[in-house]
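In: Build me a structure from this.
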Amino acid sequence: MRVNDAQEVRQFLDRGMDPSSTDKEGQTLLMYAAREGHLDIVRLLVERKANVNARTPSNETAIMFAAYKGHVATVRLLHERGAQINREGWTPLHYAAFQGHAEVAKYLLESGAQVDARAPNGATALMFAARNGHIEVVRLLLARSADANAKADSGATALKWALQTQNTVIADLLRKAGATD
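Out: Numbering: from 1, shown residues only. Model (predicted):
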């Protein structure tokens with residue numbers, strides 16, 4: 001089956017395929033479609049009651065894959081159909097910030113994503129955006145009152161990571177927001 005062929009997916013579903021079945025790695029067809037931004041297939045699968053909050057063995061969900069790849073329309077559809085944006089551990093906002101997808105991050109924040117949610121290592125979306133040089137996401141998160149002095153479990157801060165990557169523009173933004181060395 002080709003994950004980018006909505007007609008073929010529809011045929012499999014019509015013949016009884018479970019829309020939430022997983023492959024040997026624990027990933028659902030919805031996760032694959034969300035990662036690739038195949039909105040028509042995502043829509044088809046959620047209409048057929050695919051579990052929008054199914055998790056891989058490493059706790060990733062379809063909305064996280066879509067956020068990581070910057071597919072805002074897919075993120076929006078999944079969220080509208082009940083996909084969680086706030087949860088323990090990694091969140092879609094972490095994934096969007098890590099990759100610098102400002103439009104996805106903005107949608108998630110407008111939809112109630114916790115700006116200072118902590119990843120398993122204690123890092124926040126602001127830290128990931130700062131470390132990876134995503135100025136637009138840093139600005140967005142600071143405008144939403146992200147904690148500029150939050151510390152990861154290692155003791156690292158967004159400012160420390162910005163300075164380690166020699167991103168003085170982000171470091172200046174963080175200092176203006178109250179971050180201290």
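
In: Could you use CA atoms for every contact and neighbour count after this?
Out: OK.

In: Pull the contacting residues for the residue nearest the centre of the chain.
Out: Centroid check for the chain by C-alpha atoms, centre = their mean gives residue 92 as the closest residue, at 2.4 Å. If you count contacts by C-alpha atoms under 8 Å, 6 or more residues apart in numbering, residue 92 has them with 63, 64, 65, 67, 68, 85, 108.

In: Check it and give its pLDDT.
Out: pLDDT, residue 92: 98.

In: now residue 4
Out: In this model, residue 4 is scored at 68, pLDDT.

In: got the residue ranges for the helices in the chain?
Out: 6-14, 29-36, 39-47, 62-69, 72-80, 92-99, 102-110, 125-131, 135-143, 158-164, 168-176 (DSSP state H).

In: which helices and strands sit right next to the worst-scoring helix or strand of the chain on mean pLDDT?
Out: Lowest mean confidence among the helices and strands of the chain (mean pLDDT, DSSP states H and E): helix 6-14, at a mean of 88. Here helix 6-14 touches helix 39-47, going by 3 or more C-alpha pairs under 8 Å, 6 or more residues apart in numbering; DSSP states H and E.

In: Give me the domain ranges for the protein.
Out: When the chain is parsed with automatic domain parsing, its domains come out as 1-84, 91-181.

In: and the ones you listed, which one's lowest on average pLDDT?
Out: Comparing the domains of the chain on mean pLDDT, the least confident stretch is domain 1-84, scoring a mean of 93.

In: Give me the distance between it and the centre of its chain.
Out: Its chain's C-alpha centre and that of domain 1-84 lie 15 Å apart, by C-alpha atoms, centre = their mean, to the nearest Å.

In: Check stretch 153-164 too.
Out: Here stretch 153-164 shows a centroid-to-chain-centroid distance of 21 Å under the convention C-alpha atoms, centre = their mean.

In: ok, and what's touching that stretch?
Out: For stretch 153-164, with C-alpha under 8 Å, 6+ apart as the criterion, the contacting residues are 121-123, 126-128, 130-133, 148-151, 168, 170-171, 174-175, 179-181.

In: what's the first-to-last distance across that stretch?
Out: In stretch 153-164, first residue to last residue: 17 Å (C-alpha to C-alpha, to the nearest Å).

In: hmm, which of the contacts of stretch 153-164 are the buried ones?
Out: For those, a burial check counting by 16 or more other C-alpha atoms under 10 Å picks out 122-123, 126-128, 130-133, 148-151, 170-171, 174, 179.
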